[in-house]
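K.L.:
I would like to see how this sequence folds:
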Amino acid sequence: MFLLRFVKKIVANIIRIVYRYTYNLISIDDKVIIFISFHGRGYSDNPRAIYEQMRQDARFKDYKFIWFIKNHKQKNIEIPGAEVKEYFSLPYFYYMSKAKYWIINCKLPTYICKKPDQIYLQTWHGTPLKRLGHDIIASDNATFYRSAMSFESMCQSYDIDVARYNYMISPNKFCTEVFQTSFGINRERLIETGYPRNDFITNATADDVKSLKDKFHLPMDKKIILYAPTWRDNSFVAAGYTFDLKADFHKWKDILGDEYVIVFKPHYLIINKYENDHSLDGFLYSISANAEINELYVLSDILITDYSSVFFDYAVLNRPIYFYMYDIDEYKGELRGFYLDIYKELPGKIYEYEKQMLLDIKNNVYDYSYLKIFNERFNSEQTGNCAQKVIDIVFKDI
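P.N.:
Model (predicted):
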């Protein structure tokens, strides 16, 4: 196993070196557009929303669309109207050099080369609660990610990517300010359009809810609670980030009773060590970390989260949000820190203990005035046509 990993690493390094010396030899095709979501994890998020809107736009009828997805053959992923290529393959490097347009929602590796005539749209993937990039308040010996990258190196990796952006989507005025300091990007390259992925949330119908419940095999006659916790920067092993689940689903079932079911969706960086317990069958539904979370928003009645940015999007639905922050003292004191005053600016109440939170859910204790104020500040741009707004700006010249 060690030898195989070593050989793969050597081959990868050779590919990168060859790419760096040959990418300029490949001519740009003005009608090729590539899409990457979460480093090739799937067909999702803002790039998906933009792609699907492009498919309805006659201006792109003769364009070539390419999605890069890891292990796409094993996953049996097919995308109507697009070619699916393997992430970090020879075609990946070829089309990164060939495509006029890049539509990507995550930080690209530092070794990727961009030509001056190529257009890079960075869609990003959330309004941040936790501090990002240059805004992180880090101690002198702080390290980041499993690679134990220093604060300076981490910031430099962002700086390299940001220098390549032609456009970066901002979902709201708050992000327009934050992205300038956290990413060091100038205001002129930020397009404040709202997030394209939220068009689906804004425009969802009762029929959409029914079809999604069918898709995930969920009951039609029960209230659905979406539990979507985030990862912890300081909790990881060699194989990936870990998450010690501080949720006693047996207690949840006892308190909430037969009226509710739980849909558990971990962050994609988390190794979910929770083992299915058949005594919870019919109450707890564990969903793959790679599932399209927008679909889970739409089908659920209530959100429980912690420090994840999911609540910014979920608030569009004007449904109750509860914050289960059992490790709040450690999180705010030892990790990245927050942009918001979490006790005053979140669209819901913070709970350190699950029992009181569950009782409040069961008794419908929730103050909707939180949502009204919150949405006026963070979701005013979510008008249901954000993907088209982005397309009209980035592709204005065609």
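
K.L.:
could you use CA atoms for every contact and neighbour count after this?
P.N.:
Will do.

K.L.:
can you map out the strands along the stretch 201-350 of the chain?
P.N.:
223-227, 236-237, 240-242, 260-264, 270-271, 284-286, 302-305, 321-324, 350-351 (DSSP state E, counting those that start in this stretch).

K.L.:
and M149, which of those is closest to it?
P.N.:
The closest of the strands of the stretch 201-350 of the chain to M149 is strand 236-237. By C-alpha to C-alpha, the value is 13.8 Å.

K.L.:
quick one: contacts of the helix or strand where V178 lies?
P.N.:
Element membership for V178 (DSSP states H and E) is helix 173-182. Around helix 173-182, the neighbours that count as contacts under C-alpha atoms under 8 Å, 6 or more residues apart in numbering are 127-128, 131-136, 170, 185-187, 190, 192, 377-378.

K.L.:
mind listing what's buried along that helix?
P.N.:
Judged by neighbour count (16 or more other C-alpha atoms under 10 Å), helix 173-182 contains these buried residues: 173, 175-176, 178-180, 182.

K.L.:
same list (these) but as a markdown table, adding distance to D313.
P.N.:
Formatted as a markdown table, the buried residues of helix 173-182 follow (distance: C-alpha to C-alpha, whole Å):
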| residue | distance to D313 |
| --- | --- |
| K173 | 15 |
| C175 | 13 |
| T176 | 16 |
| V178 | 17 |
| F179 | 18 |
| Q180 | 21 |
| S182 | 21 |
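
K.L.:
contacting residues for V209?
P.N.:
Neighbours of V209 in contact, by C-alpha under 8 Å, 6+ apart: 298-299.

K.L.:
ok, back up a step: winner for burial among the strands of the stretch 201-350 of the chain?
P.N.:
strand 321-324 (a mean of 24; mean count of other C-alpha atoms under 10 Å).

K.L.:
nearest to H278, of the buried residues of helix 173-182?
P.N.:
C175 (43.0 Å).

K.L.:
what is the burial count for A206?
P.N.:
Counted with other C-alpha atoms under 10 Å, residues neighbouring A206 total 10.

K.L.:
again, but for E83
P.N.:
13.

K.L.:
quick one: contacts for it?
P.N.:
Going by C-alpha under 8 Å, 6+ apart, the list of residues near E83 reads 64-67.

K.L.:
hang on, the earlier thing: separate out the buried members of the contacts of helix 173-182.
P.N.:
Of the contacts of helix 173-182, these count as buried by 16+ other C-alpha under 10 Å: 127-128, 131-136, 170, 185, 190, 192, 378.

K.L.:
those: which two are farthest apart?
P.N.:
I136 and E192 (23.0 Å).

K.L.:
ok but M168 is inside a strand, no?
P.N.:
Yes - under DSSP: H, G, I helix; E, B strand; the rest coil, M168 falls within a strand.

K.L.:
show residues contacting the helix or strand hosting V18.
P.N.:
When elements are assigned from DSSP H and E, V18 belongs to helix 2-22. The contact list for helix 2-22 (C-alpha under 8 Å, 6+ apart) reads 90, 93, 111-113.

K.L.:
buried stuff in it?
P.N.:
Buried residues in helix 2-22 (16+ other C-alpha under 10 Å): 16, 19.

K.L.:
off-centre distance for that helix?
P.N.:
Mean C-alpha position of helix 2-22 versus that of the full chain (C-alpha atoms, centre = their mean, to the nearest Å) differs by 29 Å.

K.L.:
C-terminal to it, what's the next element?
P.N.:
Toward the C-terminus from helix 2-22 - assigned by DSSP H and E - lies strand 29-36.

K.L.:
okay, now the sheet partners of that following strand, with direction.
P.N.:
Note on strand 29-36: by DSSP bridges, its sheet partners are strand 64-69 (parallel), strand 99-104 (parallel).

K.L.:
that older thread, between the contacts of helix 2-22, which sits nearest D327?
P.N.:
Nearest member of those to D327, counting by C-alpha to C-alpha, is Y111, at 36.9 Å.

K.L.:
which SSE is the closest one in?
P.N.:
Applying DSSP H and E, one finds Y111 in no helix or strand.

K.L.:
relative to D161, how far out is the closest residue to it other than its chain neighbours?
P.N.:
Nearest-residue entry for Y111: R16, 7.2 Å, with adjacent residues in sequence omitted and distances by C-alpha to C-alpha, 6 or more residues apart in numbering. Distance, R16 to D161, using C-alpha to C-alpha, to the nearest Å: 17 Å.

K.L.:
same check on A315?
P.N.:
Distance from A315 to D161, by C-alpha to C-alpha: 30 Å.

K.L.:
quick one: secondary structure of the nearest residue in space to D45 that is not next to it in sequence?
P.N.:
With sequence-adjacent residues excluded and distances taken as C-alpha to C-alpha, 6+ apart, D45 is closest to R197, at 5.6 Å. Under the three-state scheme (three-state DSSP), R197 adopts helix.
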